[in-house]
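What would the 3D arrangement of this be:
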Amino acid sequence: MPSPLSKDKGKAEIQDDSDLTEEEKAALAAAAEARQRSFERSFAGPSVGKAGLVRDQTEINKVIAEASKLTDNPNRYYQNQVRKDKELTEKIEWYQAKRDELMKMANIPRLEAEADRILLEVEATRDISQTIVHVDMDAFYASVEVQRDPTLKGKAFGVGQGVLTTASYEARKFGCRSGMAGFIAKKLCPHIILTKMHFDLYIAASKAVREVLLQYDENLMMASLDEGYLNITPYMSTHNMSASDTVAQIRAEVEAKTQLTMSAGIAPNRMLAKICSDKNKPNGQYEMEFERSVITKFMRDLPVRKIPGFGRVTERCLEGLGVETCGDIYTHRAELLVMDHWFGFRGLCKAYLGIADNNVAPGKREERRSVGVERTFRDKVDEEDILNEVASIAEELEKDLERLQYAGKTVTVKYKLHTFENKTRAKSVGKYISTSKEILPIALELMKRELPVRIRLLGIRLSTLKDLTIVDKGIKGFLVSPSKKRAAGGSRTGTPVPTENDDDSPELIRMEEEDEAEVLDMTLDDDQDGSPAPNETLTPPPTSALGKRKSSENDKSHLLGPVCPICSKALGAGTSNIGLNEHIDWCLNKDAISEASKKSPVKKARLENGVQAKKAKEKGTMLDWLKKK
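Numbers count the residues shown, from 1 in each chain. You can find the predicted model right below:
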């Protein structure tokens, strides 16, 4: 795909081609405009559908794109978006070509019959016996800030100065939202006020809300500081109350205790409940009828972007196959079935039918994969400054590990270059470590090898974890002092929410996760207006409070060796640090490696654990084989 075209440039190119008919010129102009709109839409973050928006989203996307470009002083974030958009467009074109190739050989009636059979299988899993509620605090961070500073009430302001964590409803009217760079928010809303973050206040407010919610469901599942899921079925039965009355009571109690308002969605499963919680925001609730016909009708016209977990990558890829609403999934079921490997047909069937998990339970400590700290800042080049940052992050990581009661064996240093390219380096040790004194030498060793670099993000993560709240058995447990044993039996509140293991996830889901990891890194360059102060960092709140961590596999294979921090695969006890780093590099750059392998095929390939593989077949890589026509 060529670089995004301005309308003027696109028209000029069309006018130079005198051989085209008026219809062809109009078609090319429409295609160029569509490409430009698609590119501008790539700037829309994960909270693009948040309540409170007044301006047209297309207009907002255009402003964001132009603000990111900064013609007088080219912004690397914009250039990175151009690159990512080009890569995604090429990927979509490849999907379209693969679909066309497979459909030429396909028996369409047979495919549709098979798709209908799978839909029936998925439909058989529908469960509308449970009443699930998704509660979401209204502009949570902003509301807490108004309590701290009442002069902010009624004003357009955002929380966070480098990147917004949220925006008041007055600011949202102009298109400001969470995950947006402060300088872009000022372009959309010139009078916006940007405040600093006060995580101690947010955590205290979240704790007060959680205390109320636990009275209605002791298995409360917190998804973040300001939202969570409850199964109120037992409470309704015990107190002989309707779902609507129960939720209204919950919201009233939360407001009375915290002076903060909450919105809620009531539905048979978590996905629908989350969608419904946004229907009557702010300070409202929406209940879906527990009938199959009502649910399927509701889903039919719902844009796929509204499905939790479906972001801009998923939206664009599905749009490339003609799917814009959930109802289109059925229309294009034959094509989506042949693309099952990349898109996950059963998952799309669930979205079309409105079927999802209705299990509500708090996360388990053993499902945490890692504990880490990351900081985003203006570009750092000075080596001493970078190493001092490593030391500071290691100290903060030690505090988190002590508070969460974990130790680990694998230290991973992650950094992002000024070009927005991610790099990670990892090393495993033979014993469990948890202090800065133990972590810092390893982190420094890994980072010193990379110098000199120019970076804008730096982080340290400890994985291959051991839960220190579990008392050791055997001789080690016998030697532990009674006081430490008592301490190990402490509270397990604030545990992370489990998510499904993604080793076998469709390619589309993995692409979406990689894209979301980039969303918040939109800070400015040193010499641009509105950039954060030299010492300002965008450090996330404590991980236990956020409650957003992916789960590890249920088995204990990760204890036998290092675990890749990118794909979470256990690499085996014999994996060296070199092998681990090679595997991590492969995970980060597999698309580029696959592309390069077409131009310069190699005779040998390394397996993921770093051991030499057998000679590669003449067919080349799996991706090469898939691309053959």
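
how about the strands of the stretch 351-500 of the chain, start to end?
For the stretch 351-500 of the chain, the strands defined by DSSP state E, counting those that start in this stretch cover 370-380, 406-417, 422-433, 455-467.

May I see those strands arranged in JSON lines, with mean neighbour count and mean pLDDT as well?
C-beta coordinates here come from the backbone N, C-alpha and C atoms, glycine included. Listed next are those as JSON lines, based on neighbours: other C-beta atoms under 10 Å; pLDDT from 0 to 100:
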{"stretch": "strand 370-380", "mean neighbour count": "20", "mean pLDDT": "87"}
{"stretch": "strand 406-417", "mean neighbour count": "23", "mean pLDDT": "93"}
{"stretch": "strand 422-433", "mean neighbour count": "17", "mean pLDDT": "91"}
{"stretch": "strand 455-467", "mean neighbour count": "22", "mean pLDDT": "91"}
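
With distance to Tyr235 as extra columns, can I get these in TSV?
What follows is those, written out as TSV (distance: least, C-beta to C-beta, whole Å):
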stretch	distance to Tyr235
strand 370-380	34
strand 406-417	33
strand 422-433	41
strand 455-467	31
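
closest to Ser129 out of the ones you listed?
Closest approach to Ser129 among those (C-beta to C-beta): strand 455-467, 34.0 Å.

who are the neighbours of the closest one, in terms of helices and strands?
If you count contacts as 3 or more C-beta pairs under 8 Å, 6 or more residues apart in numbering; DSSP states H and E, strand 455-467 packs onto strand 370-380, helix 383-404, strand 406-417, strand 422-433, helix 436-448.

Partner strands of the first one, with direction?
Looking back up the chat, that one is strand 370-380. strand 455-467 (antiparallel) (DSSP bridges).

With the third one instead?
Sheet partners assigned to strand 406-417 using DSSP bridges are listed as strand 422-433 (antiparallel), strand 455-467 (antiparallel).

now the angle from the first one to helix 436-448?
Computed by axes from the mean of the first three to the mean of the last three C-alpha atoms, to 10 degrees, the angle separating strand 422-433 from helix 436-448 equals 150 degrees.

Quick check: which ranges of the stretch 401-550 of the chain have low pLDDT?
Along the stretch 401-550 of the chain, segments meeting pLDDT under 70 span 471-505, 510-550.

Could you pull out the helices in the stretch 101-250 of the chain for me?
108-123, 140-148, 169-172, 182-188, 199-213, 233-239, 243-258 (DSSP state H, counting those that start in this stretch).

Tell me the buried residues in stretch 88-102?
For stretch 88-102, burial by neighbour count (16 or more other C-beta atoms under 10 Å) applies to Leu88, Thr89, Lys91, Ile92, Tyr95, Gln96, Lys98, Arg99.

do the same with stretch 180-193
Of all the residues in stretch 180-193, those buried under the rule 16+ other C-beta under 10 Å are Met180, Ala181, Gly182, Phe183, Ile184, Ala185, Lys186, Lys187, Leu188, Cys189, Ile192, Ile193.

looking at the strands of the stretch 351-500 of the chain, which is closest to Thr246?
Among the strands of the stretch 351-500 of the chain, the nearest to Thr246 by C-beta to C-beta is strand 455-467 (35.1 Å).

Tell me what angle that closest one forms with helix 383-404.
Using the same axes, to 10 degrees: strand 455-467 against helix 383-404 is 30 degrees.

Can you add distance to Val338 and give the buried residues of stretch 88-102 back as a markdown table?
Below are the buried residues of stretch 88-102 laid out as a markdown table (distance: C-beta to C-beta, whole Å):
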| residue | distance to Val338 |
| --- | --- |
| Leu88 | 21 |
| Thr89 | 21 |
| Lys91 | 17 |
| Ile92 | 16 |
| Tyr95 | 11 |
| Gln96 | 12 |
| Lys98 | 9 |
| Arg99 | 7 |
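
In helices, which of those residues appear?
Members of the buried residues of stretch 88-102 lying in helices (criterion: DSSP state H): Leu88, Thr89, Lys91, Ile92, Tyr95, Gln96, Lys98, Arg99.

Quickly name whichever of these is closest to Pro506.
Using C-beta to C-beta, these come closest to Pro506 at Tyr95, 11.7 Å.

And that closest one, how close does it get to Phe310?
Going from Tyr95 to Phe310 by C-beta to C-beta, to the nearest Å gives 16 Å.

Pretty sure Lys281 sits in a strand.
No: membership of Lys281 in a strand is not supported by DSSP: H, G, I helix; E, B strand; the rest coil, which gives coil.

For it, give its distance to Val338.
If you go by C-beta to C-beta, the gap between Lys281 and Val338 works out to 39 Å.

And Arg461, by the same measure?
Distance, Arg461 to Val338, by C-beta to C-beta: 38 Å.

circling back: of all the helices of the stretch 101-250 of the chain, which one is nearest Leu353?
Closest to Leu353 of the helices of the stretch 101-250 of the chain is helix 108-123 (C-beta to C-beta; 5.9 Å).

got the contact list for stretch 252-259?
With contact meaning C-beta atoms under 8 Å, 6 or more residues apart in numbering, stretch 252-259 is reached by Val135, Gln147, Ala205, Ala208, Val209, Glu211, Val212, Leu213, Gln215, Leu260, Thr261, Met262.

that older thread, tell me which of the buried residues of stretch 88-102 is nearest to Asp385?
Set against Asp385, the nearest of these by C-beta to C-beta is Leu88 (34.6 Å).

What does the pLDDT read for that closest one?
pLDDT for Leu88: 87.

pretty sure it contacts Val313?
Yes: under the contact definition of C-beta atoms under 8 Å, Leu88 touches Val313, with a separation of 6.5 Å.

what kind of secondary structure is the nearest residue to Gln285 once chain neighbours are set aside in?
Closest residue to Gln285 apart from its sequence neighbours, by C-beta to C-beta, 6 or more residues apart in numbering: Ala264 at 4.3 Å. Following three-state DSSP, the label given to Ala264 is strand.

Nearest to Ser277, out of the strands paired with strand 406-417?
Closest to Ser277 of the strands paired with strand 406-417 is strand 455-467 (C-beta to C-beta; 31.5 Å).

mind showing which ranges of the stretch 1-150 of the chain have poor pLDDT?
In the stretch 1-150 of the chain, residues with pLDDT under 70: 1-18, 34-78.
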